[in-house]
Structures are given as C-alpha cells and as structure tokens.
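Visitor: Quick check, what structure comes out for this input:
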Amino acid sequence: MAVKRLVLDVLKTNELSIIQLSRDLTAVKGVGGVDIVVKEVDRKVEKIRITLVGKDLHFDKIKEVVESSGAVIHSVDQVSAGKIIV
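Guide: Modelled structure (predicted):
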C-alpha cells in the first residue's frame with residue numbers, strides 16, 4: 001500500500017535553506033506537497049519538521065534528498081497509508 005503522508009523530524013545546519021529543501025523534495029516523484037516548520041533554532045543547527053503528502057511517497061528517495069542536502073533524519077514521527085487517510 002502506498003504511503004500518502006510522512007512526517008519527519010530533521011536536524012539541519014543553519015546554512016541550508018528550507019525554501020531550497022522544499023523545492024528539492026517537491027521534485028521527488030510521488031511527492032505532491034511539502035510543509036517545513038522550524039521547531040528549534042540553535043547557533044549552528046535547526047530542528048525542523050517536514051510533512052510530505054502525495055499519492056505514493058518513497059521513503060528511500062526522500063531520505064536521499066534530505067541527506068544529500070546535508071540534513072539528517074532524526075526520526076519518522078508519522079506515516080499515513082491506505083485508500084483513506086485517517
């Protein structure tokens with residue numbers, strides 16, 4: 001069954017733009033939309049929450065984009081799948 005919503009807790013450097021990261025993630029096949037919220041700001045890093053929605057999200061491809069940007073997925077906080085999202 002296809003994953004339709006994925007919520008990630010991510011740690012990134014302050015230099016990485018959430019605007020560019022959202023563009024990169026939106027370009028991944030199957031991703032219909034991306035929402036990024038900055039949760040905490042430190043001197044050198046930021047903790048962000050990334051929510052992705054789409055008809056068929058592929059975690060491995062998404063993880064590759066996040067990690068190639070220099071960020072690290074801390075945890076997968078929510079996954080929604082099925083014909084109807086609860």
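Visitor: Around Leu25, how many other residues sit close by?
Guide: 20 (other Cβ atoms under 10 Å). C-beta: built from backbone N, CA, C; applies to glycine.
Visitor: Surely it is in a helix?
Guide: Yes - counting by DSSP: H, G, I helix; E, B strand; the rest coil, Leu25 is located in a helix.
Visitor: Next, the contact list for Glu15, please.
Guide: Gly70 (Cβ atoms under 8 Å, 6 or more residues apart in numbering).
Visitor: Regarding it, what is its secondary structure?
Guide: Glu15 ends up coil, using three-state DSSP.
Visitor: what's across from the residue nearest the centre of the chain in the sheet?
Guide: The chain has Ile50 as the residue nearest its centroid, 3.9 Å off, counting by Cα atoms, centre = their mean. Taking DSSP bridges as the rule, Ile50 bridges to Leu8, Ile36.
Visitor: That one and Val10 touch, don't they?
Guide: Yes - with contact defined as Cβ atoms under 8 Å, Ile50 counts as touching Val10 (5.5 Å).
Visitor: anything in contact with each of those two?
Guide: Val66.
Visitor: show me where the protein has helices.
Guide: For the chain, applying DSSP state H gives helices covering 18-26, 59-68.
Visitor: Those into a markdown table, with extra columns for distance to Ser75?
Guide: Converted to a markdown table, those look like this (distance: least, Cβ to Cβ, whole Å):
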| stretch | distance to Ser75 |
| --- | --- |
| helix 18-26 | 17 |
| helix 59-68 | 12 |
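Visitor: Export those as a markdown table, with columns for distance to Arg5 and mean pLDDT.
Guide: Listed next are those as a markdown table, based on distance: least, Cβ to Cβ, whole Å; pLDDT from 0 to 100:
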| stretch | distance to Arg5 | mean pLDDT |
| --- | --- | --- |
| helix 18-26 | 14 | 97 |
| helix 59-68 | 12 | 97 |
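Visitor: Ok, which of these comes nearest Ala2?
Guide: Closest of these to Ala2 is helix 59-68, at 11.4 Å (criterion: Cβ to Cβ).
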